[in-house]
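In: Please find the sequence and the predicted model below.
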Amino acid sequence: MSDAWNHACHIVAFHQLHELPEVISRSTTPENDIADLPLKPVQGSTKIKSAVEKVVFHLENQEQMESITAMVRDQEYRRLPEPLAVKGDLPLPFTLQLIFRKVSENKYDVIKHFRFAQKVDVRLLEAISSGDLFLVDYGKNFRAGSAAFQYVLERAGHFAILAFHFTPKPTKNKEKSSLEKGFAYIKSDGPKSNMNNLRGAEIEVNREDSPIYGWSAGLVKESLKGDASANVFARPTKNFFLTIHDLREPGTRERPDILDDADTSQQALPKLKAFLDSSLEEAYAVERWTTTKFVKNELRLVCDNRVSGKAEDKPKHGDATIPFTTFVDLIAPAFPEKAEKQDILACLKRAHFVVNLEHAIYMRPAGIGEGPVSLAHYPEDEHKIPMKDLNFSGGQGGIRCMKEGDKELLLEHLNECPECLDNLTYIDALVQNIPVVVCELLKLYPASILRKDQMDVKLR
């Protein structure tokens, strides 16, 4: 397909094609070539709704062109001069468009475009044609093909007799419809008691300045009843904490797997990639005499101390990101010495990376691309000293509740120590349903509460 055709398929997405009440004629400046039309020769017998005939025509004078336009307008196709004339009658109505492409002073290449109301046997068209017949090859753009063909056709000649035209598609009105406004009025201003539903509905549908004037009273009552049944006055529970006691069953999506002190630089890259890819339906790893299975969307964490502190430059106040290349330098020791850049990018594609270093915490969500990497400055205490130990003493009570499986005490503790909840929420936003590589991050909650010496967790 030509560039002109591809461009037309894009343009017509914002336009609609209409049939004119009668044909029009106009002189044009060619923007496309006849070769840009997606045509293929007619082969065999088939039924068609559209076809193109190519002929060569010698124009006598300008008055003849005006006469041709009048004959097409009156559908007197058999009276047209040769080879434009239709040599016989067809059993179905059709429209005819003519595109004249000037070759020399009076010589024109002419495209005769037939469009039928219903499918017709191509052999009937062959019997009344003088030139070569072609079908339109819409390719993959069948839905927009007719409009795109018309767009290219109109711009392929010096003179055109057309039966169709384009108009821009109307933009959707963003204002709410009267129906939407009416239901919104019922919900906001309607009676709040079932006892008043009937009376209120009858009054409103008969009040001329009401947004629901003229509505069915039954519809209004049903809407009021639905709104009343949808109201819930109980206090919702928004926190559903999982404690250590809830995380016993291995090989499930709700049970995380942690690879602690992994020495990832010593791990085979294919195994590391497989562990980090939570999109697989099932993943297996073979170690010594047994196999381990990981399921799709199961949270997996890798904790490793290998980072490059020398590569970290102290961020300035107000800095929110570091360059991608700097971030790669920070985590380079966590990968095998012979790891290629593509290997590192493959791991970065699969997992969130959170790096806890001397001056800041660096966070890169899983994905492709080499854009800047976000950083978070350490909070400061009342003496303006950075608080780098995120697992402060106030968090120990929460860890103890998790280990003992006491959700009520955990909730009480978090209410008394809101900064712990903020910390957990912050980490949860980073790691939900996606593997995480945590470098120098053993002090953060996920690593702290799921240490080998604190719980029965499946370690690889």
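Out: Done, it's in.
In: Would you map the helices across the stretch 1-150 of the chain?
Out: Shown for the stretch 1-150 of the chain, the helices assigned by DSSP state H, counting those that start in this stretch span residues 3-11, 62-73, 122-127, 142-154.
In: my bad, should have said the stretch 151-300 of the chain
Out: Remark: helices assigned in the stretch 151-300 of the chain by DSSP H, counting those that start in this stretch are 178-189, 197-206, 217-230, 269-276.
In: So which elements touch the third one?
Out: For helix 217-230, the helices and strands in contact under the criterion 3 or more CB pairs under 8 Å, 6 or more residues apart in numbering; DSSP states H and E are helix 178-189, helix 197-206. The C-beta positions use only the backbone N, C-alpha and C, and glycine is treated the same way.
In: 6 Å instead, please
Out: Helix 217-230 is packed against helix 197-206, with contacts defined by 3 or more CB pairs under 6 Å, 6 or more residues apart in numbering; DSSP states H and E.
In: bridging residues for the closest residue to residue 259 other than its chain neighbours?
Out: Spatial nearest neighbour of residue 259, chain neighbours left out: residue 302 (4.6 Å); criterion: CB to CB, 6 or more residues apart in numbering. Judged by DSSP bridges, the bridge partners of residue 302 are residue 259, residue 437.
In: likewise residue 54?
Out: So, taking DSSP bridges as the rule, residue 54 has residue 111, residue 132 as bridge partners.
In: So it is in contact with residue 129, correct?
Out: No - Residue 54 is beyond contact range of residue 129, at 9.9 Å (criterion: CB atoms under 6 Å).
In: show me what contacts the residue with the largest distance to the centre of the chain?
Out: The centre of the chain is farthest from one residue, residue 60, which by CA atoms, centre = their mean lies 56.9 Å away. By CB atoms under 6 Å, 6 or more residues apart in numbering, no residues touch residue 60.
In: what about 8 Å?
Out: Contact analysis of residue 60 by CB atoms under 8 Å, 6 or more residues apart in numbering lists residue 106.
In: Quick check: it vs residue 126, distance?
Out: Applying CB to CB, to the nearest Å, the value for residue 60 to residue 126 is 28 Å.
In: again with residue 303
Out: In this view, residue 303 and residue 126 are 77 Å apart by CB to CB.
In: Give me the more crowded residue out of those two.
Out: In terms of neighbours (other CB atoms under 10 Å), residue 303 is the more surrounded of residue 303 and residue 126; the figures are 22 against 13.
In: my guess is that one contacts residue 261, does it?
Out: Yes - with contact defined as CB atoms under 8 Å, residue 303 and residue 261 form a contacting pair (6.6 Å).
In: Need the residue closest to the centroid of the protein.
Out: residue 367 (15.8 Å).
In: Does it touch residue 349 like I think?
Out: Yes - Residue 367 is in contact with residue 349 according to CB under 8 Å; the separation is 6.4 Å.
In: Burial check on residue 111, number of neighbours?
Out: The burial count for residue 111: 23, using other CB under 10 Å.
In: residues contacting it?
Out: The contact partners of residue 111, by CB under 8 Å, 6+ apart, come to 34, 37, 52-54, 97-99, 101, 153, 156-157.
In: now swap in residue 296 and tell me
Out: Residue 296 makes contact with 253, 278-282, according to CB under 8 Å, 6+ apart.
In: Show the buried residues in the residues you listed.
Out: Neighbour-count burial (16 or more other CB atoms under 10 Å) applied to the contacts of residue 296 gives residue 278.
In: Got the domain ranges for this structure?
Out: Taking automatic domain parsing as the reference, the chain has its domains at 3-168, 178-230, 244-449.
In: Would you mind putting the ones you listed into a markdown table with mean pLDDT alongside?
Out: Formatted as a markdown table, these follow (pLDDT from 0 to 100):
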| stretch | mean pLDDT |
| --- | --- |
| domain 3-168 | 86 |
| domain 178-230 | 74 |
| domain 244-449 | 74 |
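In: re the thing from before, more neighbours: which of residue 54 and residue 129?
Out: Set side by side, residue 54 and residue 129 show unequal neighbour counts under other CB under 10 Å, the larger going to residue 129 at 21 against 17.
In: Excluding covalently adjacent residues, which one is nearest to that one?
Out: Nearest residue to residue 129, sequence neighbours excluded (CB to CB, 6+ apart): residue 53, at 5.1 Å.
In: Give me the distance between the one you found and residue 361.
Out: Per CB to CB, residue 53 is found 72 Å from residue 361.
In: do residue 341 as well
Out: Residue 341 is 24 Å from residue 361, by CB to CB.
In: Between those two, which has more neighbouring residues?
Out: Neighbour count, other CB under 10 Å: between residue 341 and residue 361, residue 361 has more, with 19 against 9.
In: how about the helix or strand harbouring the more buried one: buried residues?
Out: In this structure, residue 361 sits in strand 360-364 according to DSSP states H and E. Buried residues in strand 360-364, defined by neighbour count with 16+ other CB under 10 Å: 360-364.
In: Touching the helix or strand following it from outside, list them.
Out: Later in the chain than strand 360-364, the nearest helix or strand by DSSP H and E is strand 373-377. With contacts defined as CB under 8 Å, 6+ apart, strand 373-377 is touched by 315, 317, 319-324, 326-327, 360-364, 386.
In: So what angle separates the directions of strand 373-377 and strand 360-364?
Out: Per axes from the mean of the first three to the mean of the last three CA atoms, to 10 degrees, the angle that strand 373-377 makes with strand 360-364 is 150 degrees.
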